[in-house]
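# With the input below, show me the fold.
(chains A and B)
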Amino acid sequence: MLTERLLAVLLDGLIFGAWLFLVSAGLTFVYGVLRALNVAHGSFYALGAYLAATLVGFLVGRGLSPFLSYPALVLAGLLVGFTVGPAVERLLLRRISGRDEVTGLLLTFGLLLIFEDLIKLIWGVTPWTADAPYGALGQLKLGAVTYAVYPLALVGAAALVGAFLWFLTGRTPFGKLITAVIADREVSAALRVDVGRVSNLAFSPGAFLAALGGALVAPMISVVPGISVEVIILAFAVTVIGGLGHIAGAALGALVVRLVRAGALYFFPELDLFLVYALMTLVLIFRPYGLFGRAEIRRI
Amino acid sequence: MGLLGAPWLLPGWLLFLLSLALAKGLVVLGILVLMWGGLVSFGHGLYFAAGAYTVAFLARFLGVREAALGLLGAALLNGALAGPLGLFLSRYRAIFFGMLSVAFSMILYAFLLKFYFITGGTDGLRVPIPTVLGFEVPARDIRTVNYFVNLAFGILGLFAAYRLSLSPLGYLLRGVKDNEVGVEYLGASARGAVYGVYLFSGVLGGLGGALTALSVGHVAPDLAYWTTSGEFVFVAILGGTGSVLSPFLASALFELVRNYALKLSPYTWQLSLGLVLLGIIFFYPEGLFGLYQALRRWRPKSSSKR
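From the prediction side, this is the model:
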């Protein structure tokens, strides 16, 4: 019994950790480059989820194979990330680039409020579901535990995204510029890196990650107003635990948070959220720059 | 004077809104005094909820309905809460201060939400009609009594914050915002200044929460959620940091507009809030108070031309 439980905890932790990583990686990426804690990241997530639900509903309504809906999920992420993302960056964030970090926080909080109502105006308040992609993959028996395949595929997708981010930041010229900007803005500027332009270009991939997270998780949840508000505070906890601006930290933070939550849900349900925020607080108090610490100069 | 006569001049619902605005104005005032030091607390929902639940718990577990005891308890508890938390928070500035205060408030939220056998969970707890200094309040007068209690505390908080702004501590705090190293060179402790003001701010938040609980008659975990804290910060910024009066004016405006907006179009209320916030950030960083000052400067000029 206990081993089965532990396996279930581990799987749950892994799956939701993967989802949380997708959302948090974008948040921490944007913070690293732009030095702005983007509260509206939660809105990108919600927009991705709603658009995915709409697209999937459209495809399934036409009687098309549910397997077509997988590219649709990614498309939803891309659409939101590379239309809304640049618009927000260009029209709003760019204007406050010289001001302190708290201004960015307030601005994006305002944006979150705006998007929250826009979503209600466009999609209404009744829940949307997009479970076709979930059902199409069927189930899998892992020992005594039966598990749906879709969530496991999500873990694979998150691993892919992680690998891609690693490749992007470490192996491409543009990625190296981003890494340089994250490590030290002043020195990068002194070395004739166009810091402003790099930051601007980096915002949209961050937004895309949030929207992709929303789109990929849409088949597993019912998409309702308020998911943006819920996800962003969790993503904050993850980013803080892993260290702001630290992508590997986001992966670790996401896993830690979800394992703690999954464990709590099976053994002491009352402590579930409590433990997450307690962990966040402890990390902030004892290691304010996250578990990965400031000893490292490179944050990616 | 107008405020004293309000119960006889205004309809009941407006009086209730005004009571609420006074109570929440105290919390906003708590956020405002920290802003003098350049610190934005995104976690004042913590004190708001702690104060409100103090009143509810006193009634539920000890059968105490006395408003004075509830308020005293809220002030003491929040002072006791801000004491240790302030020790940690006073070490942080800027975004880390904000995040740690959010983290603290979310811990309380999780506790209030999940330990439902103590806290009533998502349903929250009912707060019975209080007695005031031992006197039973007839149901039809409850709004008026609440209003006067809140008004008294609002004026008290206003006076205290005003004194604080003129005290050495208030000046030190403003120094922390401008030049923290400079403050230390003066031989003063920047951490000490932040700590002292944080205690004051926490107690204000707790009183605001207790007064809200007494006026509304109900408490729920949402009081500690980060969006509630965000709303307080919003109102503080709407009012501007120029005057200790602005939190109350902004709070009253906020409650009024919310009341109408929710009636007229419930789906665009947050939308308009967000737009206003964006507008303030881009065009009027000084908030309503800055706008008022600009108008005052402008008027004599135009009248002298005439």
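# drop to CA atoms for contacts and neighbour counts, all remaining ones
Will do.
# Now for A:G48: which residues touch it?
For A:G48, the contacting residues are A:A76, A:G77, A:V80, A:A210, A:A211, A:L212, A:G213, A:G214, A:A215, by C-alpha atoms under 8 Å, 6 or more residues apart in numbering or on different chains.
# and it, backbone torsions?
phi -60, psi -40 (degrees, to the nearest 10).
# for A:W128, same thing?
According to degrees, to the nearest 10, A:W128 has phi -110, psi 140.
# any idea how far the residue lying closest to it once chain neighbours are set aside lies from B:V194?
Leaving out its chain neighbours, the residue that sits closest to A:W128 by C-alpha to C-alpha, 6 or more residues apart in numbering or on different chains is A:V223, at 4.9 Å. Counting by C-alpha to C-alpha, to the nearest Å, the gap between A:V223 and B:V194 amounts to 42 Å.
# before we move on, what about A:R95?
Taking C-alpha to C-alpha, one finds A:R95 at 31 Å from B:V194.
# Just name whatever secondary elements the helix or strand hosting A:A250 is in contact with.
Take DSSP states H and E as the rule and A:A250 turns out to sit in helix A:247-267. Counting contacts by 3 or more C-alpha pairs under 8 Å, 6 or more residues apart in numbering or on different chains; DSSP states H and E, helix A:247-267 packs against helix A:2-34, helix A:227-242, helix A:272-286.
# for the stretch 151-300 of chain B, what spans make up the helices?
B:168-178, B:180-185, B:190-216, B:226-239, B:246-264, B:269-283, B:287-305 (DSSP state H, counting those that start in this stretch).
# now the contacts of A:G48 in CSV, with secondary structure and neighbour count?
Converted to CSV, the contacts of A:G48 look like this (DSSP: H, G, I helix; E, B strand; the rest coil; neighbours: other C-alpha atoms under 10 Å in any protein chain shown):
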residue, secondary structure, neighbour count
A:A76, helix, 26
A:G77, helix, 28
A:V80, helix, 26
A:A210, helix, 34
A:A211, helix, 38
A:L212, helix, 34
A:G213, helix, 31
A:G214, helix, 35
A:A215, helix, 31
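# about what we covered before: which among the helices and strands packed on helix A:247-267 is found nearest to B:E231?
Nearest to B:E231, of all the helices and strands packed on helix A:247-267, is helix A:227-242, at 13.3 Å by C-alpha to C-alpha.
# give me the low-pLDDT residue ranges for the chain?
No chain was given, so I picked chain A. A:1, A:136-138, A:142-145, A:292-300 (pLDDT under 70).
# That was the other one, I meant chain B.
Checking chain B against pLDDT under 70 turns up B:1-3, B:5-7, B:299-306.
# Chain A contacts on that one?
B:40, B:88, B:94-96, B:100, B:103-104, B:106-108, B:110-111, B:114-115, B:230, B:267-275, B:277-278, B:281 (C-alpha under 8 Å from any C-alpha of the partner chain).
# just the buried members of the residues you listed?
B:40, B:88, B:95-96, B:100, B:103-104, B:106-108, B:110-111, B:114-115, B:230, B:267-275, B:277-278, B:281 (16 or more other C-alpha atoms under 10 Å in any protein chain shown).
# returning to that earlier point: give me the distance from the helix holding A:A250 to the chain's centre.
14 Å (C-alpha atoms, centre = their mean, to the nearest Å).
# Double-check that A:L37 belongs to a helix.
No: counting by DSSP: H, G, I helix; E, B strand; the rest coil, A:L37 is not found in a helix; it is coil.
# Return the residues in contact with it.
A:L27, A:V30, A:Y31, A:E101, A:G104, A:L105.
# For A:A159, which non-adjacent residue is closest in space?
A:A18 (7.7 Å).
# ok, so what distance separates that neighbour from chain B?
23 Å (C-alpha to the nearest C-alpha, to the nearest Å).
# next one: A:L265
Taken as C-alpha to the nearest C-alpha, the span from A:L265 to chain B is 12 Å.
# That residue reaches A:L275, doesn't it?
No: counting by C-alpha atoms under 8 Å, A:L265 sits too far from A:L275 to count as a contact (10.8 Å).
# So between the two, which is more surrounded?
A:L275 (18 against 15; other C-alpha atoms under 10 Å in any protein chain shown).
# related to what we said a few turns ago, more crowded one of A:R95 and B:V194?
Between A:R95 and B:V194, counted using other C-alpha under 10 Å, the more crowded position is B:V194 (27 against 11).
# Against chain A, how distant is the more buried one?
Counting by C-alpha to the nearest C-alpha, the gap from B:V194 to chain A is 17 Å.
# again, but for B:A252
20 Å.
# cool, B:M35 as well?
Taking C-alpha to the nearest C-alpha, one finds B:M35 at 11 Å from chain A.
# In terms of helices and strands, where is that residue?
helix B:12-36.
# For that helix, buried residues please.
B:14-36.
# Now tell me what touches stretch B:137-156 from outside.
With C-alpha under 8 Å, 6+ apart, stretch B:137-156 has contacts from B:4, B:7, B:12, B:15-16, B:18-19, B:22-23, B:25-26, B:129-131, B:211, B:214-215.
# I'd like the helices and strands packed on helix A:247-267 as TSV, with distance to B:E180 appended.
Shown next, in TSV, are those (distance: least, C-alpha to C-alpha, whole Å):
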stretch	distance to B:E180
helix A:2-34	25
helix A:227-242	25
helix A:272-286	21
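# who wins for proximity to B:F200 among these?
Comparing these by C-alpha to C-alpha, helix A:272-286 comes nearest, at 21.9 Å.
# what's residue 37 sitting at in phi/psi?
With no chain named, the answer covers chain A. phi -80, psi 110.
# I was after chain B.
phi -90, psi 10.
# in terms of contact, does it touch B:G175 like I think?
Yes: counting by C-alpha under 8 Å, B:G37 touches B:G175, with 7.2 Å between them.
# higher neighbour count, the two?
B:G37 (23 against 20).
# and the gap between the more buried one and B:G202?
15 Å.
# Relative to B:S215, how far out is B:G70?
12 Å.
# Specify which residue of these two has the higher count of neighbours.
B:G70 (27 against 24).
# what residues are up against the nearest residue to that one once chain neighbours are set aside?
Among residues not flanking B:G70 along the chain, B:V55 sits closest, at 4.9 Å (C-alpha to C-alpha, 6+ apart). Going by C-alpha under 8 Å, 6+ apart, B:V55 touches B:G70, B:L71, B:G73, B:A74, B:V127, B:A210, B:A213, B:L214.
# what do you get for A:I227?
So A:I227 contacts A:G42, A:A46 (C-alpha under 8 Å, 6+ apart).
# what number of residues lie near B:Y284?
Neighbours of B:Y284 (other C-alpha under 10 Å): 17.
# you'd agree it is up against B:Q293?
No: look at B:Y284 against B:Q293 with C-alpha under 8 Å: they stay out of range, at 11.8 Å.
# Within range of chain B, give me the residues from chain A.
So chain A meets chain B at A:101-103, A:106-107, A:109-118, A:120-121, A:237, A:270-271, A:273-274, A:277-278, A:280-281, A:284-285, A:288 (C-alpha under 8 Å from any C-alpha).
# of these, buried ones?
Judged by 16+ other C-alpha under 10 Å, buried ones among the residues of chain A next to chain B: A:101-103, A:106-107, A:109-118, A:120, A:237, A:270-271, A:273-274, A:277-278, A:280-281, A:284-285, A:288.
# If we ignore the residues flanking it in sequence, what's nearest residue 232?
Let's take chain A. Going by C-alpha to C-alpha, 6+ apart, A:I232 has A:G42 as its nearest residue, at 4.8 Å.
# that's the other chain; I wanted chain B
B:V28 (5.6 Å).
# ok, so what distance separates the one you found from chain A?
From B:V28 to chain A the distance is 16 Å (C-alpha to the nearest C-alpha).
# Same check on B:Y47?
17 Å.
# That residue: how many residues sit nearby?
Neighbour tally, B:Y47, other C-alpha under 10 Å: 34.
# Check B:D141 too.
11.
# Perfect, that will be all.
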